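Q: Give me a model of this one.
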Amino acid sequence: MDRILTRIGTPPIPTRRQLLRTGASAAAIGTELLGAGPARAEASELRIAKQPGLSYLPAAVAEHLGLVEKHATAAGLSDVKVSWTRLTSGGASNDALLSGSVDMVISGGPNMLILWGKTSGRVKGVVCTGALPMKLVSNNPNVHSLADFTATDRIATPTIRVGTQPTVLGIAVEKAFGLNALERFNAMTIAMGHPDAMIALQNKGTNVTAHFSLPPFQEQELALPGVHTVLDSVNVMGGPITNGCVYSTTTFHDANPKLTAAFVAAIREAIALIGQDKRRAAEIYLAVNKEKISVDELTDLIGRPEMVFTAAPANLLPAAQFFSRAGYIKQKPNDWREFFFPEVHDLGGS
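A: Here you go, the predicted structure:
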């Protein structure tokens, strides 16, 4: 089971992996999380699972500045408590959402898509935070393309098969070798959070020879001797793909319209701040995440033109259609709005 680094406990209900293995429907998950319930006042606490990574920068800004609380108060919701819990991967975050331990999850867009598919639409996107370039890097001098990977290589990704990085990898594999080659590459991947994977890549005593991550981890890895780029997500997808996405259950969303709208407003305000003051955004990110990169380096990184911080989804429809072709979900979506709540339907997403 994916390692959870904080206090969340998990009741004995189906996990994400069990859903993937069995193809369980929403009914198998439990009525407390996904079923209809009696009308009630909006929640007095919003519990959010977050992850490390620069694609979640708007969420870090919102957390540090109390923007969710600000917009909730403006909407007439007084004394709302917002709890942020750090997890290591999209898989752990999805398990927490399915268990009812959290109300919203911030993870990669494809992690939302797999739950949307497996719960028959009872989990959907709330708002996005970023679509940053992701690079598959390797310390193996013999690996310079997908064709160079062998069965002895191990590719570290936060989740296996259906996370953001595995989705880009899968689409690249499909383009190069066809869908039949997917399982060969899935067998090479191991689930590991980005901080741990970066350490493993530096340690030649481990079997990790590649890591598919996102800023700022990939920039730190590329500064290491012998580490080089094998694959770039922008080239694979023809543009950015959302790797920062907030999602929730229809039950929570429908019962908490004001709180949901307040959260969306908070993320939009945070994105505006990042555009106006990148250095302050960098300082906030480091105050929240305590990562080993200087403020100057991070400010420069945030300011690069390929760093896209936006509330609108990017390239998630092609990702969902890939999931359908690969048999990971049964649905065959034609519009990204099918898997997002109405609060962002006015945005120019894809």
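Q: Every contact and neighbour count from this point should use C-alpha atoms.
A: OK.
Q: who's in contact with the nearest residue to Ser78 once chain neighbours are set aside?
A: Of all residues not flanking Ser78 in the chain, Ala72 sits nearest, at 7.1 Å (Cα to Cα, 6 or more residues apart in numbering). Residues near Ala72 by Cα atoms under 8 Å, 6 or more residues apart in numbering: Ser78, Val80, Lys258, Leu259, Ala262, Phe263.
Q: distance of Ala72 from Leu57?
A: Going from Ala72 to Leu57 by Cα to Cα, to the nearest Å gives 20 Å.
Q: ok, which stretches of the stretch 151-300 of the chain are helices?
A: Listed in chain order, the helices of the stretch 151-300 of the chain (DSSP state H, counting those that start in this stretch) span 164-177, 182-186, 194-202, 217-222, 233-237, 250-255, 257-276, 278-289, 295-302.
Q: Can you tell me which helices and strands the second one packs against?
A: When you say that, I think you mean helix 182-186. Judged by 3 or more Cα pairs under 8 Å, 6 or more residues apart in numbering; DSSP states H and E, helix 182-186 is in contact with helix 164-177.
Q: Would you mind listing the buried residues in the helix it packs on?
A: Neighbour counts over helix 164-177 (16 or more other Cα atoms under 10 Å) mark Thr164, Gln165, Pro166, Thr167, Val168, Leu169, Gly170, Ile171, Ala172, Val173, Glu174 as buried.
Q: quick one: contacts of that helix?
A: Counting by Cα under 8 Å, 6+ apart, 108-111, 134, 146, 157-161, 179-182, 185, 212-213, 233, 236-237, 243, 319, 322 sit against helix 164-177.
Q: so what pLDDT did the residue nearest to Ser78 get?
A: Looking at Ala72, its pLDDT stands at 97.
Q: continuing past the strand or helix carrying it, what's the next helix or strand?
A: Ala72 belongs to helix 67-74 when assigned by DSSP states H and E. Moving toward the C-terminus from helix 67-74, the next helix or strand (DSSP H and E) is strand 81-86.
Q: Need the contact partners of that next one.
A: Contacts of strand 81-86 (Cα under 8 Å, 6+ apart): 5-6, 44-52, 63, 68-69.
Q: Which strands and helices lie in contact with the following helix or strand past it?
A: Later in the chain than strand 81-86, the nearest helix or strand by DSSP H and E is helix 90-99. Packing partners of helix 90-99 (3+ Cα pairs under 8 Å, 6+ apart): helix 16-22, strand 45-50, strand 104-107, helix 109-118.
Q: okay, now Val236: neighbour count?
A: 17 (other Cα atoms under 10 Å).
Q: Report pLDDT for it.
A: 97.
Q: Leaving out the residues flanking it, which one is nearest to it?
A: Closest to Val236 by Cα to Cα, 6+ apart is Ala172, at 6.0 Å.
Q: measure the one you found to Asp232 for me?
A: 10 Å.
Q: How about Arg268?
A: 27 Å.
Q: ditto for Gly178
A: 19 Å.
Q: These two - which one has more neighbours?
A: Comparing Gly178 with Asp232 by neighbour count (other Cα under 10 Å), the higher total belongs to Asp232, at 17 against 12.
Q: Does that one touch Lys135 like I think?
A: Yes. At 4.6 Å, Asp232 and Lys135 qualify as touching, with contact defined as Cα atoms under 8 Å.
Q: Below-threshold pLDDT in the stretch 51-200 of the chain: ranges please.
A: By pLDDT under 70, the low-scoring segments of the stretch 51-200 of the chain are 88-90.
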